[in-house]
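Chemist: Let's see this in three dimensions:
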Amino acid sequence: MTKLAISALALLALAAPARAEGDAARGAQAYRACAACHSLQPDRNMTGPSLAGVWGRAAASLASFRRYSMALKNAKIVWDERTLDPWLAFPAHYIPGNRMTFPGIKDKQARADLIAYLKTAPASGTAEKGAPSRQMGGMMMGAGPAPNLKKLDPEDRFEAITHCADTYRVRTADGKTQEFWERNLRFKTDSSDEGPQKGAPAIVGAGMMGDRASLVFASPEEISASIKSQCP
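Modeler: Numbering: from 1, shown residues only. Okay, the predicted model is just below:
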């Protein structure tokens, strides 16, 4: 190799931006931004796919997740430092047309820390680190992983729901009745291993004021069957 070529390579190396050194402990805290949509439990998919074992995995390849965009399926990339950094910085720009609504992490050091954490996070059986806590009784749920709805306290399981005019009235297993404006009550299903038992739907609070909630059923068929038109 000529001296000229060596000099050119040296200049290119100096011009290339240095990659920040990541800290996995700090990355566990940075993961809070991901915990609302991504679990670290194998095959426990939420809004997005589980990130357990994501390091070295081909994009859109987790068989248990069925909602990948065609853009991500066609990306033909493997998740590592080279791909995760631009993805976390600006997902919509790195792979246009994907369904990730997260705007990105602009801080280079924060991205490096999160990447270091994802690289070392166990691929099986451990709970998410640094995820915010959540509460079911009391009608609140934070941004952490979705709660297990198989075993419910009486205040978290509803027994009857009626609709009159613009109001739903929900009676929970502890005998209390709560009223909701019809736009403030959402109906959802969760058929996963942590969803509610058949015939025992859950009520999960939403919002800070206690005026909104989600009713979570084991299957879509249960939704219409549970609602009765009835005015006091």
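Chemist: Just read off the phi/psi values of the closest residue to residue 211 other than its chain neighbours.
Modeler: Nearest residue to residue 211, sequence neighbours excluded (CB to CB, 6 or more residues apart in numbering): residue 184, at 5.7 Å. For glycine as for every other residue, the C-beta is placed from the backbone atoms N, C-alpha and C. Residue 184 adopts backbone torsions of phi -100, psi 0, taken as degrees, to the nearest 10.
Chemist: mind checking how far residue 184 is from residue 215?
Modeler: For residue 184, the distance to residue 215 equals 12 Å [CB to CB, to the nearest Å].
Chemist: which of these two has more neighbours?
Modeler: Higher neighbour count among residue 184 and residue 215: residue 215, with 23 against 15, using other CB atoms under 10 Å.
Chemist: which ones are touching the nearest residue to residue 55 once chain neighbours are set aside?
Modeler: Spatial nearest neighbour of residue 55, chain neighbours left out: residue 119 (5.0 Å); criterion: CB to CB, 6+ apart. Applying CB atoms under 8 Å, 6 or more residues apart in numbering, we find residue 119 in contact with 22, 24, 55, 81.
Chemist: The third one touches residue 80, doesn't it?
Modeler: Yes: the pair formed by residue 55 and residue 80 meets the contact definition of CB atoms under 8 Å, at 6.8 Å.
Chemist: Residue 189 reaches residue 217, doesn't it?
Modeler: Yes: assessed by CB under 8 Å, residue 189 is found in contact with residue 217 at 5.2 Å.
Chemist: what touches both of the two?
Modeler: With CB under 8 Å, 6+ apart as the test, residue 189 and residue 217 both reach residue 223.
Chemist: Pull the distance from the helix or strand hosting residue 204 to the chain's centre.
Modeler: Secondary structure from DSSP states H and E places residue 204 in strand 202-206. Taking the mean of its C-alpha atoms, strand 202-206 sits 17 Å from the chain's own mean (CA atoms, centre = their mean, to the nearest Å).
Chemist: Mind giving me the packing neighbours of it?
Modeler: Strand 202-206 is packed against strand 212-217, with contacts defined by 3 or more CB pairs under 8 Å, 6 or more residues apart in numbering; DSSP states H and E.
Chemist: Listing partners with orientation, what would you give for the strand it packs on?
Modeler: strand 185-189 (parallel), strand 202-206 (antiparallel) (DSSP bridges).
Chemist: going on from that strand, what's the next piece of helix or strand?
Modeler: helix 221-226.
Chemist: So which elements touch that next one?
Modeler: Taking 3+ CB pairs under 8 Å, 6+ apart as the contact cut, helix 221-226 packs with strand 212-217.
Chemist: One more pass at 10 Å, please.
Modeler: Helix 221-226 is packed against strand 158-164, strand 185-189, strand 212-217, with contacts defined by 3 or more CB pairs under 10 Å, 6 or more residues apart in numbering; DSSP states H and E.
Chemist: Okay, buried residues for the helix or strand just after that helix please.
Modeler: Counting by DSSP H and E, the element after helix 221-226 in chain order, helix or strand, is strand 227-229. Judged by neighbour count (16 or more other CB atoms under 10 Å), strand 227-229 contains no buried residues.
Chemist: Quickly list what's touching both of residue 184 and residue 215.
Modeler: residue 168 (CB atoms under 10 Å, 6 or more residues apart in numbering).
Chemist: any idea how far residue 26 is from residue 117?
Modeler: In terms of CB to CB, residue 26 sits 8 Å off from residue 117.
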